[in-house]
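1. Here is my input, please return the structure:
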Amino acid sequence: MGILPCVKYLGDEKSQEELTDFYKFCERSYGPRGHLKMIVSLADTMMVTSSSERIFNFLRIDNPFVETIIATSKNLSDFKLYFCMLTVELLRLKAKFGKDKISLSFLGDLMQDLAFPLDVGDIETLMNISRSVLRSKCGTGLLPTELKSLSRTVVESWLLSIRPDGSLGEVTVMVKGGAAEYAPPRGEEGEEDRTGRTRMVEGRPGRILEGVLYKLLPEDRSLKQLVGNSHIKVALFDAMLDKASSGEGWKDAKLYYTKRLSGVYPAYSRLAAHLNQAGVQLLACRKVIGENLRSQLESHGIKVIHRLGTSNFHRMVRMSGGNTMTSVHSRIERSDLGTISSCDLVEMDSAEYINFNSPGSGQVNLILESLTEENGEELRIQVDKCLTTLNNLVLKDGQLGLPGGGCTESALSIHVLANTKMDSRARKGLSKLLIKTATSVLKLNTTEAYIDSKHGHLWRDGELERCCCGLVNHDAIDQSTVKYNCSELLFTDVSVEKPKKISYSKQRNVVIDAAALKTAAFYTAEELAGNLDRVGMLISC
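-> This is a model prediction of the structure:
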């Protein structure tokens with residue numbers, strides 16, 4: 001028969017060891033006290049990070065089950081390491097106790113019961129959410145004193161991006177290394193612009209600018225002539241406006257192609273004349289504009305931005321309200337043109353930017369400073385997660401929060417132990433999984449961590465004022481409340497009762513997780529673990 005196929009079983013010793021190693025890798029990177037990872041590539045480039053967004057892109061994985069877990073985690077907005085840890089542990093428990101005895105599906109309903117409503121109109125609540133996300137990684141280089149100020153800046157930029165009709169806009173995060181030099185677009189620092197909103201935020205680790213920022217290239221110096229103008233008419237092209245680069249002239253081409261191309265291309269001449277008649281002052285193109293067309297447009301007084309890029313081009317479309325043209329032969333009407341209300345010059349880090357803006361467009365730039373490039377990339381990822389979480393909160397089913405800091409998992413573990421309908425061994429195994437996950441958030445030793453019987457929240461040994469999430473104060477714990485040591489719950493049989501649900505009363509400096517995002521990670525872990533458990537065997541030929 002020739003060479004036999006290579007067979008790999010999910011339950012064999014090697015596969016289990018690889019899954020265990022992957023769990024330890026994720027667990028050590030998880031939470032605000034997670035370890036940083038130093039990644040050295042084959043090209044001798046080095047990166048230090050604790051973010052799954054960066055780690056998973058560089059790992060060379062030979063185990064197909066681990067590859068599947070990582071690929072699935074990339075579909076989640078947040079809680080990716082959390083999801084990976086749950087999936088691996090759930091696979092292990094299913095193999096140990098049986099497929100039908102271990103399930104997380106009922107825990108999703110329990111999480112919904114533990115969730116509490118959030119007032120998205122309250123600034124302190126939004127800051128708590130933002131702070132919880134920012135502090136979840138140690139690689140950002142933020143000091144504890146900077147968390148509050150940065151969380152406020154993030155919330156302000158997000159609120160500024162909300163359009164007058166209530167729809168969500170877009171915040172673009174830019175991180176500059178070192179102390180970025182910044183010159184406001186007009187007036188003195190902190191002066192309000194024509195929209196009535198402060199463009200520059202002083203005393204905080206960040207700058208907020210409305211509109212679209214375009215970095216000036218050497219060939220774009222003529223754009224400075226637009227500075228100070230208002231109601232600029234812009235034509236938007238998502239096409240290659242360069243005959244040589246687009247390949248339009250290569251059909252039946254001969255050796256004198258370059259010479260022939262240097263002449264005037266009739267379609268470009270007609271386009272330039274047509275744009276001039278339509279009153280266009282600026283042409284913004286996502287791709288390249290050839291020198292032939294560029295010179296013709298500038299001879300008609302039309303300024304040009306080319307190679308704008310996909311992200312900035314789509315932001316320009318949304319900001320100006322114009323229609324996108326896809327061909328030089330498109331018939332452009334005045335109604336197709338966009339309008340830019342203001343155009344200002346911004347100097348930052350010895351570079352010049354043009355700031356195009358229209359009030360209420362929902363396009364906002366958040367400019368942050370970082371000590372190093374590595375810290376800057378980690379910070380950008382965490383701020384993007386903050387903005388994603390805030391966007392999720394305003395959805396129909398998203399205005400719910402869960403206790404963070406491991407308190408949700410500790411409360412779930414007490415619920416599982418109190419569920420006498422489950423198989424006793426499976427119940428103990430599932431509660432161990434949850435306690436292990438709860439203590440791994442803050443890297444607590446189980447002998448030094450406690451769970452109260454009233455609310456099921458996690459407490460650190462010696463911490464008398466508040467639980468790990470901060471939602472339960474010591475005053476809320478009466479004398480009849482029992483504090484279970486986590487080691488006692490892990491290794492002995494303890495009779496417990498279902499804890500009570502807590503309410504959120506807009507406390508300050510508490511750790512809150514977005515219920516929708518965390519519950520999605522739970523359900524996805526349960527589904528993937530079930531699918532992988534049914535696979536059982538991989539055959540590679």
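2. remind me which residues of the protein are low pLDDT?
-> Residues of the chain that meet the criterion pLDDT under 70 lie in 1-11, 99-105, 177-205, 243-265, 396-398, 462-464, 494-495, 497, 536-541.
3. And the residue most central in space within the chain, how far from residue 476?
-> The residue lying closest to the centre of the chain (C-alpha atoms, centre = their mean) is residue 385, at 3.1 Å. Between residue 385 and residue 476 the computed distance is 30 Å (C-beta to C-beta, to the nearest Å). All C-beta atoms are positioned from the backbone trio N, CA, C, and that covers glycine.
4. And the helix or strand where the residue nearest to the centre of the chain lies, what does it pack against?
-> When elements are assigned from DSSP states H and E, residue 385 belongs to helix 373-393. Where contact means 3 or more C-beta pairs under 8 Å, 6 or more residues apart in numbering; DSSP states H and E, helix 373-393 is packed against strand 46-49, helix 52-58, helix 123-134, helix 144-161, strand 170-177, strand 363-370, strand 512-514, helix 515-535.
5. Residue 229 is nearest to which of those?
-> Proximity to residue 229, assessed across the helices and strands packed on helix 373-393 by C-beta to C-beta, is greatest for strand 363-370 (18.6 Å).
6. can you list the residues that contact that closest one?
-> The contact list for strand 363-370 (C-beta atoms under 8 Å, 6 or more residues apart in numbering) reads 141, 150, 153-154, 157, 160-161, 169-180, 182, 205-213, 315, 318-319, 348, 357, 376, 379-380, 383.
7. one step back: quick one: residues contacting the residue nearest to the centre of the chain.
-> Contacts of residue 385 (C-beta under 8 Å, 6+ apart): 77, 78, 133.
8. give me that answer again for 10 Å
-> Residue 385 makes contacts with 51, 53, 77, 78, 79, 130, 133, 134, 136, 137, 514, 517, as judged by C-beta atoms under 10 Å, 6 or more residues apart in numbering.
9. What of residue 220?
-> Taking C-beta under 10 Å, 6+ apart, one finds 214, 303, 304, 305, 306, 352, 354 in contact with residue 220.
10. Show the buried residues in those residues.
-> 214, 303, 304, 305, 306, 352, 354 (16 or more other C-beta atoms under 10 Å).
11. Secondary structure element holding residue 304?
-> Going by DSSP H and E, residue 304 is part of strand 303-305.
12. Check which helices and strands that strand is in contact with.
-> Secondary-structure packing of strand 303-305 (3 or more C-beta pairs under 10 Å, 6 or more residues apart in numbering; DSSP states H and E): strand 230-237, strand 282-285, helix 291-299, helix 310-320, strand 351-357.
13. Specify the angle between the last one and helix 310-320 in degrees.
-> When you say that, I think you mean strand 351-357. 40 degrees (axes from the mean of the first three to the mean of the last three C-alpha atoms, to 10 degrees).
14. same deal with the first one?
-> Between strand 230-237 and helix 310-320, the angle comes out at 130 degrees (the same axes, to 10 degrees).
15. Now do the buried residues in strand 230-237.
-> In strand 230-237, counting by 16+ other C-beta under 10 Å, buried: 232, 233, 234, 235, 236, 237.
16. Quick one: closest of the helices and strands packed on helix 373-393 to residue 461.
-> Across the helices and strands packed on helix 373-393 (criterion: C-beta to C-beta), the nearest stretch is helix 144-161, sitting at 21.2 Å.
17. Go ahead and measure how far the closest one is from the middle of the chain.
-> In terms of C-alpha atoms, centre = their mean, to the nearest Å, the gap separating the centre of helix 144-161 from the centre of its chain is 15 Å.
18. Flag every buried residue along that helix.
-> 147-148, 150-158, 160-161.
19. For residue 438, state which of the residues you listed is nearest.
-> residue 147 (22.4 Å).
20. Would you agree that closest one is in contact with residue 134?
-> Yes - using C-beta atoms under 10 Å, residue 147 is in contact with residue 134, at 5.8 Å.
21. Mind listing the shared neighbours of the two?
-> Contacts common to residue 147 and residue 134, judged by C-beta under 10 Å, 6+ apart, are residue 140.
22. re the thing from before, which one of the helices and strands packed on strand 303-305 lies closest to residue 66?
-> It is, among the helices and strands packed on strand 303-305 and with distance given as C-beta to C-beta, helix 310-320, at 31.7 Å.
23. relative orientation of that closest one and strand 363-370 in degrees?
-> 130 degrees.
24. from the middle of its chain, how far away would helix 310-320 be?
-> The answer for helix 310-320 is 20 Å, by C-alpha atoms, centre = their mean.
25. Could you check the angle it makes with strand 170-177?
-> Going by the same axes, to 10 degrees, helix 310-320 makes 130 degrees with strand 170-177.
26. Mind listing what's buried along stretch 268-277?
-> Going by 16+ other C-beta under 10 Å, stretch 268-277 has these buried residues: 268, 271, 272, 275, 276.
27. a markdown table for those residues, including secondary structure?
-> Formatted as a markdown table, the buried residues of stretch 268-277 follow (DSSP: H, G, I helix; E, B strand; the rest coil):
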| residue | secondary structure |
| --- | --- |
| 268 | helix |
| 271 | helix |
| 272 | helix |
| 275 | helix |
| 276 | helix |
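28. got TSV for the residues you listed, with distance to residue 391 too?
-> Below are these laid out as TSV (distance: C-beta to C-beta, whole Å):
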residue	distance to residue 391
268	42
271	39
272	41
275	37
276	41
